[in-house]
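A.B. asks: Sequence and predicted structure below; questions after.
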Amino acid sequence: MLPVSESLCGESYEECKATADWLLSNTQVRPTVGIVCGSGLGGLAEMLKDPQYFKYCDIPNFPKSTVHGHAGRLVFGTLKGKPCVCMQGRFHLYEGYPIQKITLPMRVFKLMGVETVFLTNAAGGLNQDYKVGDVMIMKDHINMPGFAGNNPLVGPNDDRFGVRFPCMSDAYDRKLRQMALDVASELGYNDFFREGVYCVLGGPSFETIAECRMLHKLGADAVGMSTAHEVIVARHAGMRCFALSLISNQAVMDYDSQEKANHEEVLETGRLRAEQLEKLVTTMVDRLEHNNNDSS
Ligand SMILES: O=P(O)(O)O[C@@H]1C[C@H](O)[C@@H](CO)O1
Ligand SMILES: Nc1nc2[nH]cnc2c(=O)[nH]1
């Protein structure tokens, strides 16, 4: 067992358990589905029936949300009859929190009984076939901060969460990705649905032209500042993961371009696609089976 004092930044088993127990003692919902809303995509949380809200600042051990477009509250309720917990706003490395702290909610999800996590983000499109407003199913990620040792699993491993060296070749659940493609097709979304690789960087500055060109050459289709860390921690704890990137802006790849990435465009694209993303995730949750078989 890992003593509390050995936790790097308040993410020890005991601290996560205390947070999970506090939440469960304040709600009747026993969530099996967890949802994380990206920039400008918090409307998904409004889909929950009989919602119960907890501001992050009121939840023991939780960091505070500091980014415009991230409401900063946890919402409990049901979606298509399934008990859910939804992060209406997430934490990012650039907010100054240690990486172990920004991923703490994934461990709290696990300890509350969550089996499947749906994550969304806004990202810049590197793939030249992508347009603003496209939605990319994440089939894989490149964890750039991890190359420099900034991985959320750095520190003492607690076997109660997962193994020391977790596999990541199956991070994005194959069955859920196929389900998303099927649902997108049924809903008539084929024109703007893609599948690709997301690269996470630390932010908060957007990328230079040379960086975008390099990331594209390395095999990334989209670039962002979140999600991959959460997926690493969720997979370590054995939860199934499905993630979507809304291509909110084109990454600038050309020195003649006048385009400039900015957060307002990111939020605006979120507003334009919100309804379709909500419909897709809601339909997927409706079709989820109540088990946690690793289907990748
Ligand atoms: O939480 P996500 O990854 O959707 O947020 C993206 C990355 C930055 O936080 C912000 C940039 O506009 O949007
Ligand atoms: N790093 C990064 N994150 C984003 N989030 C939304 N758009 C972008 C982008 O172009 N780059």
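C.D. replies: Done, it's in. Ligands and ions are numbered 1, 2, ... in the order given.
A.B. asks: In this protein, which residue sits closest to ligand 1?
C.D. replies: Going by Cβ to the nearest ligand atom, ligand 1 is nearest to Gly38 of the chain, at 2.8 Å. Bear in mind the C-beta positions are built from the backbone N, C-alpha and C, glycine included.
A.B. asks: So that residue belongs to a strand, correct?
C.D. replies: No. Counting by DSSP: H, G, I helix; E, B strand; the rest coil, Gly38 is not part of a strand but coil.
A.B. asks: Would you mind confirming that it makes contact with Thr120?
C.D. replies: Yes. Contact status for Gly38 versus Thr120: in contact at 4.2 Å, counting by Cβ atoms under 8 Å.
A.B. asks: Now list whatever residues contact both of these two.
C.D. replies: Ser245, Leu246 (Cβ atoms under 8 Å, 6 or more residues apart in numbering).
A.B. asks: How about the secondary structure of the nearest residue to the residue of the chain closest to ligand 1 once chain neighbours are set aside?
C.D. replies: Distances taken as Cβ to Cβ, 6 or more residues apart in numbering place Asn121 nearest to Gly38, at 3.7 Å, with adjacent residues excluded. The assignment at Asn121 comes out as strand when based on three-state DSSP.
A.B. asks: now do the one 10 residues further on
C.D. replies: Here Lys131 is recorded as coil under three-state DSSP.
A.B. asks: Helices of this protein, start to end?
C.D. replies: With DSSP state H as the criterion, the chain has helices at 13-26, 99-102, 104-112, 144-147, 174-186, 209-217, 228-236, 263-287.
A.B. asks: Would you mark the buried spots in stretch 126-140?
C.D. replies: Buried residues in stretch 126-140, counted by 16 or more other Cβ atoms under 10 Å: Leu126, Asn127, Tyr130, Val132, Asp134, Val135, Met136, Ile137, Met138, Lys139, Asp140.
A.B. asks: will you turn the helices of the chain into CSV that also has distance to ligand 2, mean pLDDT and mean neighbour count?
C.D. replies: Output for these, formatted as CSV (distance: least, Cβ to the nearest ligand atom, whole Å; pLDDT from 0 to 100; neighbours: other Cβ atoms under 10 Å):
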stretch, distance to ligand 2, mean pLDDT, mean neighbour count
helix 13-26, 28, 97, 17
helix 99-102, 15, 95, 22
helix 104-112, 20, 98, 26
helix 144-147, 10, 96, 16
helix 174-186, 20, 98, 16
helix 209-217, 8, 98, 16
helix 228-236, 12, 98, 26
helix 263-287, 5, 93, 17
